[in-house]
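# coordinates for the following, if possible.
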Amino acid sequence: MPNPFLPLWEYIPDGEPRVFGDRVYLYGSHDRAACDEFCDFKLKVWSAPISDLNSWQCHGDSFRTRDGERPADADWTDRECYAPDVIEKDGKYYLYSYIVGSKGAVGVSDKPEGPFKCLGQYIYDAETQVGDDGIFNDAGVLADDDGRVYVYYGFTESNMNELDPADMRTVIKGSYKRPVIDDTDNAPEEQRFFEASSPRKINGTYYLIYSPRKGSRLAYATSDSPAGPFTYRGYIVDNSQDYPGGNDHGSLTCINGQWYIFYHRMTNNTIMSRRACAEKVEILPDGTIPPVEMTSLGFEEALDPYKSTPAEIACVLKGGCYITERDIFTRPIVGITDGAVIGYKYFDFGDDFTGDSMTLALKVRGMGVKCSVRVLTDSYEDGEEIGVCAIGTSDGVYKCKVKNLTGRHAVYFIAEHGVTNWTKGWFDPKQLFEFEEFVFMK
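Numbers count the residues shown, from 1 in each chain. Have a look, this model is predicted:
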């Protein structure tokens, strides 16, 4: 599946990917389109066979704080639940979720997809030190090879406690560590811890993936010990690179020998409608992870230009344009004004077509403005222009001839209104058209 890799009507941010058995599971928050608040009063689980990452299945609600399809699981609050993580321990699956204004929640299930029976909140007495006012914000959990269990958490402060593996929620006295990652003013903002703790143990090294104070990145730090201190090593992905950014939250997992970083992107001109994405990453012999670019690929090796491409899988949106949900079937790119850039990485055009040109068809909703779209490959700044498509005033499909392509290319559309002698205020188009889908035809 391309990015976003879940059905395009589904909004799952803060993704924690976990491989259990022969399936990969995605645990995350649940956003709502056109909502002015983060998250929802329920958590959902999606999974796919590791042999077929194009077949994602929804397992329904795994945990609820309000009655719905089934009764609420938490009896002490009805607030929104955020950013869950799930680990396996001795054949049981334990869910950890932050609930707004509450001191965490822990659930258990016999199955990785849940539903999770609520065990309650973290257990600790007045003499046991914890951080984050006991909220355990964005908790990420690590069950180490020796059976010990660690929880990493915090908002603007990087905390760690050890949990008693006998019940998986009692905080062990004397285990508190802060900072696990530097969260003081001494650290550069692009390194300083902000939120979204996610621990992993890879080749004997402890990794902590997190969101730093500055930017829209997922950074990572490493340590020889689960208790740290963790040393900043760099960032993995930036969801604001040529795209409307916001917070980010996600983690690493290895599927069939290939490592992926899971993260989310923004829609609806807000930071509160986020969708799950994934990119391939490489972990080098020295443990470093080179940064990866955002693409439209997800789990695909390449996009097929000869099949209809929904505009909303764009990985480049510049100039104020954005994806919005009109209804569950329709999510166009809107806010397209003069100079807006819409891009897709990467299409494979094949190597067996010898004609001089192809036809490109764009499906748009007209805004009463005549304009054009320049089509570039490989770079929106200095790439090759392969054609120009004229766009009329009304809804419809607009076609143009473009240069025949072979091989692998990024494709960019640059909108231009083409009016050079208008008087501002008399003719000043706010939006040229809305973009729905496109296809190349031999």
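
# which residues of the protein score low on pLDDT?
Across the chain, the ranges flagged by pLDDT under 70 are 419-429.

# any idea where the helices of it begin and end?
Using DSSP state H, no helices are found in the chain.

# show me the beta-bridge partners of the residue nearest the centre of it.
Against the mean C-alpha coordinate of the chain, by CA atoms, centre = their mean, the closest residue is His264 at 1.4 Å. Note on His264: beta-bridge partners Ala276, judged by DSSP bridges.

# surely it and Arg275 touch.
Yes - using CB atoms under 8 Å, His264 is in contact with Arg275, at 6.1 Å. For the C-beta atoms, the positions are set from N, CA and C on the backbone; glycine is no exception.

# need the overlap of contacts for those two.
Jointly contacting His264 and Arg275 under the rule CB atoms under 8 Å, 6 or more residues apart in numbering are 12-13.

# which residue packs closest to Arg79, ignoring adjacent ones?
With sequence-adjacent residues excluded and distances taken as CB to CB, 6 or more residues apart in numbering, Arg79 is closest to Val100, at 4.0 Å.

# quick one: the one you found and Thr65, what's the gap?
In this view, Val100 and Thr65 are 9 Å apart by CB to CB, to the nearest Å.

# list the contacts of the residue nearest to Arg79.
77, 79-82.

# top of those by number of neighbours, please.
Most neighbours among those, by other CB atoms under 10 Å: Cys81, with 26 neighbours.

# in stretch 262-282, which residues are buried?
262-268, 270-279, 281 (16 or more other CB atoms under 10 Å).

# equivalent analysis for stretch 332-346, please.
So, applying 16+ other CB under 10 Å, buried residues of stretch 332-346: 332-338, 340-346.

# turn those into CSV, columns for distance to Gly120.
Formatted as CSV, the buried residues of stretch 332-346 follow (distance: CB to CB, whole Å):
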residue, distance to Gly120
Pro332, 45
Ile333, 45
Val334, 45
Gly335, 46
Ile336, 50
Thr337, 52
Asp338, 57
Ala340, 50
Val341, 50
Ile342, 48
Gly343, 48
Tyr344, 47
Lys345, 46
Tyr346, 48
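
# show me this protein divided up by domain.
16-281, 309-441 (automatic domain parsing).

# what's the most buried one of the ones you listed?
Among those, domain 16-281 has the highest mean neighbour count (mean count of other CB atoms under 10 Å), at a mean of 19.

# related to what we said a few turns ago, and the domains of the chain as CSV, adding distance to Asn3?
Formatted as CSV, the domains of the chain follow (distance: least, CB to CB, whole Å):
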stretch, distance to Asn3
domain 16-281, 4
domain 309-441, 6
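
# and those domains: which comes nearest Gly298?
Smallest distance to Gly298 across the domains of the chain (CB to CB): 5.6 Å, for domain 16-281.

# which of the buried residues of stretch 332-346 sits closest to Ile289?
Among those, and counting by CB to CB, the member closest to Ile289 is Lys345, at 19.3 Å.

# how much space separates the closest one from Leu376?
13 Å.

# ok, Ala340 next?
13 Å.

# likewise for Ser216?
From Ser216 to Leu376 the distance is 25 Å (CB to CB).

# and Leu360, by the same measure?
The value you get for Leu360 to Leu376, if CB to CB is used, is 12 Å.

# kindly report the same for Tyr153.
Where Leu376 is concerned, Tyr153 sits at a distance of 45 Å (CB to CB).

# and what of Lys370?
From Lys370 to Leu376 the distance is 21 Å (CB to CB).

# got it, and Leu208?
Applying CB to CB, the value for Leu208 to Leu376 is 39 Å.

# could you check how far Gln258 is from Leu53?
For Gln258 relative to Leu53 (CB to CB), the value is 10 Å.

# my guess is Arg70 contacts Pro115, does it?
Yes - Arg70 is in contact with Pro115 according to CB under 8 Å; the separation is 7.3 Å.

# between those two, which contacts overlap?
With CB under 8 Å, 6+ apart, Arg70 and Pro115 have common neighbours Asp61.

# stretch 301-309: how far from the chain's middle?
21 Å (CA atoms, centre = their mean, to the nearest Å).

# show residues contacting that stretch.
2, 296-297, 344, 346-349, 405, 408, 411, 437-442.

# please enumerate the strands of the stretch 201-350 of the chain.
Shown for the stretch 201-350 of the chain, the strands assigned by DSSP state E, counting those that start in this stretch span residues 205-212, 217-223, 231-238, 251-255, 258-266, 274-281, 309-310, 316-318, 322-323, 333-336, 341-348.

# paired strands for the fourth one, with orientation please.
Going back to what we said before, that points to strand 251-255. Short version: by DSSP bridges, strand 251-255 pairs with strand 258-266 (antiparallel).

# give me the contacts around the strand it pairs with.
So strand 258-266 is contacted by 3-4, 12-17, 26, 28, 218, 236-237, 239, 243-246, 248-254, 273-283, 292, 294, 322 (CB under 8 Å, 6+ apart).

# tell me the angle it makes with strand 205-212.
Strand 258-266 and strand 205-212 are oriented at 10 degrees to each other (axes from the mean of the first three to the mean of the last three CA atoms, to 10 degrees).

# from the chain's centroid, how far away is strand 258-266?
6 Å.

# export that strand as CSV, just CAs?
Coordinates of the C-alpha atoms in strand 258-266 are reproduced here as CSV (Å, rounded to 0.1, in the frame of the first residue of the first chain):
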residue,chain,number,x,y,z
GLN,A,258,13.6,-4.7,6.2
TRP,A,259,13.5,-1.9,8.8
TYR,A,260,10.7,0.7,8.6
ILE,A,261,10.0,4.0,10.4
PHE,A,262,6.3,4.5,11.1
TYR,A,263,5.1,8.1,11.5
HIS,A,264,2.2,10.3,10.6
ARG,A,265,1.3,13.2,8.3
MET,A,266,-1.2,16.1,8.7
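
# no further queries at this time; thank you.
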